[in-house]
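In: Provided below are the primary sequence and the corresponding predicted coordinates.
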Amino acid sequence: MKDFDYIIIGGGCAGLSLAYELDAKNKLKDKTLAIIETRGDYKRDKTWSFWKVMDHNFEDCVIKSWDNFSVNTETGHHEIQNKDYPYQTIDSGLFYEKILKRISLNKNIKFYKNTESLNIENSIIFNSIPPKSNSELNLWQHFKGVEIKTEKNIFDDEIFNLMDFNCDQRKNVHFFYTLPFAKNKALIETTWLSKLNNNTLNDYDTQLQDYIKNILKIKNYEVKYKEQGAIPLFFPKSEKKNNTINIGSAGGMTRLSTGYTFLNIQDHSRYIVNQIENIKKAKIYDIGKKYKFLDKIFLKVLNRYPEKMPNIFFNMFQAPSRSVIKFLSNKSNILDDLTVILKMPKWLFIKNIF
Ligand SMILES: Cc1cc2nc3c(=O)[nH]c(=O)nc-3n(C[C@H](O)[C@H](O)[C@H](O)COP(=O)(O)OP(=O)(O)OC[C@H]3O[C@@H](n4cnc5c(N)ncnc54)[C@H](O)[C@@H]3O)c2cc1C
């Protein structure tokens, strides 16, 4: 049996971000790390986007950055500009490549497919595998995206569309999301917020084809890449173990009202590495009680009144962009919070506190 000081279970976004940070901060000079990962090879499987409200290690994996975005409903179109917090997109293929290249140079880091040959009793374990559980009460953000290349230059690549609610809602919350990487290349996603209990919402390909043809008015295009996923809009209930720290989605790093997780994972990795010498005694990191409280009410409203959500989102973006972006990226101060909250239907939210 082999012994390691640290074991990371799941070499995905959180596991590799942590391994990178440990290596970059020289914490693995005299310590050993095993990464347990089942996948055979690493290739692009996700496209991570976020408002850049803080520095991170993966600027060289950013494929596009925007200062402008839009939100649409059936009746409104709103364009928002913010140069202080650009919206960035990271290609997961570049992210994996960068990290794997770096950590392969450190002989104290080893990959395994499982923990069978390891003595895990004395290690500190960082776990990114959520328990398999679902309940009919839980909401998910589920989606499929296609990256298309068009014959002609049709996209305005200076502005991306965060949410287009002008589409079939089917008694849930549904929007399209378009990231134009170039004038002839964009990732287009159909996104649902639902309890994942209605298979009729899963005709993603038809939804995407209709949107591309009838709304974006694109006839000739090639699909270059596809991604699909379901982000839990609830915190997984992982078993508490003395030597285990949960990270990534399993560690509650998802902002429940938005699904944004990537930058929280980076913050969490830094926190762990800063405390690594004393990590077993360190306070469990979380994204903030304030956001957990507000998101809980937000999701209750979403659950009860899905038909109101397009306008709620639309109105929220009427607040000053700096405040909304900081609020959605959990970096807001009390003034930002108030600015955003005042754009919400107050009585509806107050009624749903209880
Ligand atoms: C398609 C997609 C797009 C997303 N886009 C965004 C975005 O734009 N912005 C954002 O902020 N968030 C986004 N998210 C949410 C979140 O950032 C990602 O899900 C992120 O990958 C979460 O990181 P993680 O490490 O928790 O999980 P993962 O990255 O999924 O890593 C888990 C790893 O564990 C491995 N594994 C699974 N089972 C085992 C096992 N039994 N033993 C060992 N290894 C195992 C998997 O192969 C995987 O490598 C997206 C999610 C998806 C699915």
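Out: Yes, it's here.

In: Okay, buried residues for the lengthiest helix in the chain please.
Out: Secondary structure of the chain per DSSP state H: the longest helix is helix 289-304. The neighbour-count check on helix 289-304 (16 or more other C-beta atoms under 10 Å) flags Y291, L294, D295, I297, F298, L299, K300, V301, L302, N303 as buried. (C-beta placed from N, C-alpha, C; glycine too.)

In: Check stretch 204-212 too.
Out: For stretch 204-212, by 16+ other C-beta under 10 Å, it's Y204, Q207, L208, Y211, I212.

In: any idea which of these is closest to the ligand?
Out: Taking C-beta to the nearest ligand atom as the measure, the ligand lies nearest Y204 of the buried residues of stretch 204-212, at 12.1 Å.

In: Show me which residues of the protein are close to the ligand?
Out: By C-beta under 6 Å from any ligand atom, the residues of the chain that approach the ligand are 9-15, 36-39, 46, 48-50, 128-129, 227, 229, 231, 248-250, 259-262.

In: OK, contacts around the one residue in the chain that gets nearest to the ligand?
Out: Here the chain gets closest to the ligand at one residue, G12, 1.8 Å apart by C-beta to the nearest ligand atom. G12 makes contacts with E37, S128, G248, as judged by C-beta atoms under 8 Å, 6 or more residues apart in numbering.

In: try 7 Å
Out: S128, G248 (C-beta atoms under 7 Å, 6 or more residues apart in numbering).

In: do the same with I9
Out: Counted by C-beta under 7 Å, 6+ apart, I9 has contacts I36, I125, N127, S128, I129.

In: quick one: which of the residues you listed is most hemmed in?
Out: Among the contacts of I9, the one with the most neighbours (other C-beta atoms under 10 Å) is S128, at 25 neighbours.

In: gap between it and G229?
Out: Noted for S128: a distance of 15 Å to G229, by C-beta to C-beta, to the nearest Å.

In: Equivalent analysis for L342, please.
Out: When L342 is compared with G229 (using C-beta to C-beta), they lie 33 Å apart.

In: more crowded one of the two?
Out: Higher neighbour count among L342 and G229: G229, with 15 against 10, using other C-beta under 10 Å.

In: What about the closest residue to L139 other than its chain neighbours? Give its phi and psi, please.
Out: In space, and not counting its chain neighbours, L139 is closest to L233: 4.2 Å by C-beta to C-beta, 6 or more residues apart in numbering. Dihedral angles of L233 (phi, psi; degrees, to the nearest 10) stand at phi -100, psi 50.

In: what's the burial count for L233?
Out: Neighbours around L233, by other C-beta under 10 Å: 24.

In: And the strand or helix carrying Y177, what's buried?
Out: Assigned by DSSP states H and E, Y177 belongs to strand 173-182. The neighbour-count check on strand 173-182 (16+ other C-beta under 10 Å) flags V173, H174, F175, F176, Y177, T178, L179, P180, F181 as buried.

In: pLDDT score assigned to the fourth one?
Out: Here, the pLDDT recorded for F176 equals 98.

In: right, and it touches C167 too?
Out: Yes - contact criterion C-beta atoms under 7 Å: F176 and C167 qualify, at 6.1 Å.

In: so what sits against both of the two?
Out: Y211.

In: what residues does stretch 72-81 touch?
Out: Under C-beta under 7 Å, 6+ apart, the answer for stretch 72-81 is 67-71, 159, 161, 164-166, 310-311, 314, 317-318, 321.

In: And S323, its phi and psi?
Out: According to degrees, to the nearest 10, S323 has phi -70, psi -40.

In: In contact with it, which residues?
Out: Applying C-beta under 7 Å, 6+ apart, the residues contacting S323 are S332, D336, T339, V340.

In: The residue nearest to it when sequence neighbours are not counted: how many residues sit nearby?
Out: In space, and not counting its chain neighbours, S323 is closest to D336: 3.9 Å by C-beta to C-beta, 6+ apart. For D336, the count of nearby residues is 18 (other C-beta under 10 Å).

In: next helix or strand past the strand or helix carrying D336?
Out: D336 belongs to helix 334-341 when assigned by DSSP H and E. For helix 334-341, the following helix or strand on the C-terminal side (DSSP H and E) is helix 346-351.

In: List of residues touching that following helix?
Out: Contacts of helix 346-351 (C-beta under 7 Å, 6+ apart): I297, V301.

In: quick one: it to chain centroid distance?
Out: Offset of helix 346-351 from its chain centre (C-alpha atoms, centre = their mean, to the nearest Å): 28 Å.

In: JSON lines for the contacts of S323, including distance to N274?
Out: Putting those into JSON lines (distance: C-beta to C-beta, whole Å) gives the following:
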{"residue": "S332", "distance to N274": "23"}
{"residue": "D336", "distance to N274": "26"}
{"residue": "T339", "distance to N274": "31"}
{"residue": "V340", "distance to N274": "30"}
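
In: In TSV, list the residues you listed along with pLDDT.
Out: Formatted as TSV, the contacts of S323 follow (pLDDT from 0 to 100):
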residue	pLDDT
S332	97
D336	97
T339	95
V340	95
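
In: Determine which two of the residues you listed are furthest apart.
Out: For those, the maximum inter-member distance is 8.7 Å, found between S332 and T339 (C-beta to C-beta).

In: Between these two, which is the more surrounded one?
Out: S332 (23 against 19).
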